[in-house]
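Asker: The amino acid sequence is not available; the structure is as follows:
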């Protein structure tokens, strides 16, 4: 079963989330609850949960500080922020910390179940968990160095100045060798892969109904200082502008 940790300073919220999660009849187990960030950190170290539902506003150590600390020892844990804050700063920080979802209170049970199903699907795809559903390693097709390069880009794409030179220096290889590695194993150049990661992240943000966010803010979140340039790249890659994409999502909903 997938282990779940709930961290919120309000007992009523923790109790409500636990009741909702248990009603889903999913392959999950709520292994611990915490009323502040420091307790949550200790429990995360002890139980190593696969999924964490965490509030931002907690005493001693807030939710964002907690997430930063656990990323050092639980890099693949799926984080769902459940909060009353609908602000750009928190959304930006959540993206930087690779939070899976940002859900506003009061929690809608149907929406939370959809998110949990997506989380479990993602967990099943992780290399360390594939033996739960199949023996083949999904990432066996990539060499260790390319997996490292992918992970580095995936974790730093929001930096506007992320460059091919920075990645090459990080892995102590030449620019030409980096280019050959990426083209051979990923089938893409550095810029093509970076752009793909940024556009996928932008699409995910634009799909979020819970975050009232402007296009120039989306651009900043995925590594572009210019809204105009971001929109131009988005249209080239996706076929429509970011505004049109967001409008289409609303129509589908």
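Answerer: Yep, it's here. Bear in mind the structure is a predicted one, so any value in this text is a computation, not a measurement.
Asker: how about residue 4, phi and psi?
Answerer: In terms of degrees, to the nearest 10, the main-chain angles of residue 4 are phi -120, psi 140.
Asker: can you offset everything so residue one is 31?
Answerer: Taking 31 as the first residue, the last one we looked at is residue 34.
Asker: Number of residues surrounding it?
Answerer: 25 (other CB atoms under 10 Å). Yep, even glycine has a C-beta here, placed from its N, CA and C like the rest.
Asker: How about the contacts made by it?
Answerer: 51, 58, 59, 60, 61, 79, 80, 81, 82, 83 (CB atoms under 8 Å, 6 or more residues apart in numbering).
Asker: Helices - which of the residues you listed land there?
Answerer: The helices, defined by DSSP state H, take in residue 51 from these.
Asker: Pull out the buried residues from the contacts of residue 34.
Answerer: 51, 58, 60, 61, 79, 80, 81, 82, 83 (16 or more other CB atoms under 10 Å).
Asker: For this protein, give me the ranges with low pLDDT.
Answerer: Residue ranges of the chain with pLDDT under 70: 117-118, 157-171, 239-241, 280-283.
Asker: Among the buried ones among the contacts of residue 34, which one lies nearest to residue 193?
Answerer: residue 82 (32.6 Å; CB to CB).
Asker: Tell me who's in contact with that closest one.
Answerer: Taking CB under 8 Å, 6+ apart, one finds 34, 35, 36, 37, 70, 74, 100, 107, 108, 109, 110 in contact with residue 82.
Asker: Tell me the first helix or strand C-terminal of the helix or strand harbouring residue 248.
Answerer: Element membership of residue 248, judged by DSSP states H and E, is helix 245-251. Using DSSP H and E, the helix or strand that follows helix 245-251 towards the C-terminus is helix 257-268.
Asker: Sort out which residues of that following helix are buried, please.
Answerer: Across helix 257-268, burial judged by 16+ other CB under 10 Å covers 257, 260, 261, 263, 264, 268.
Asker: Please identify which helix or strand holds the residue of the chain most remote from its centre.
Answerer: Most distant from the centre of the chain: residue 206, at 30.5 Å, with distances by CA atoms, centre = their mean. Residue 206 is located in helix 205-215, with elements delineated by DSSP H and E.
Asker: From the chain's centroid, how far away is that helix?
Answerer: Chain-centre distance of helix 205-215: 26 Å, with CA atoms, centre = their mean, to the nearest Å.
Asker: elements contacting that helix?
Answerer: Using 3 or more CB pairs under 8 Å, 6 or more residues apart in numbering; DSSP states H and E, the elements in contact with helix 205-215 are helix 174-186, helix 194-200, helix 220-237.
Asker: what angle do the first one and helix 220-237 make?
Answerer: Translated: helix 174-186. 40 degrees (axes from the mean of the first three to the mean of the last three CA atoms, to 10 degrees).
Asker: buried set for helix 174-186?
Answerer: For helix 174-186, the neighbour count (16+ other CB under 10 Å) marks 176, 179, 180, 183, 186 as buried.
Asker: List just the nearest of those residues to residue 125.
Answerer: Of the buried residues of helix 174-186, the one sitting nearest to residue 125 (CB to CB) turns out to be residue 186, at 11.8 Å.
Asker: The closest one contacts residue 193, doesn't it?
Answerer: No: Residue 186 is beyond contact range of residue 193, at 10.5 Å (criterion: CB atoms under 8 Å).
Asker: three-state assignment of residue 91?
Answerer: coil (DSSP: H, G, I helix; E, B strand; the rest coil).
Asker: Neighbours of the nearest residue to it once chain neighbours are set aside, how many?
Answerer: Closest residue to residue 91 apart from its sequence neighbours, by CB to CB, 6 or more residues apart in numbering: residue 67 at 2.8 Å. When neighbours are counted by other CB under 10 Å, residue 67 registers 25.
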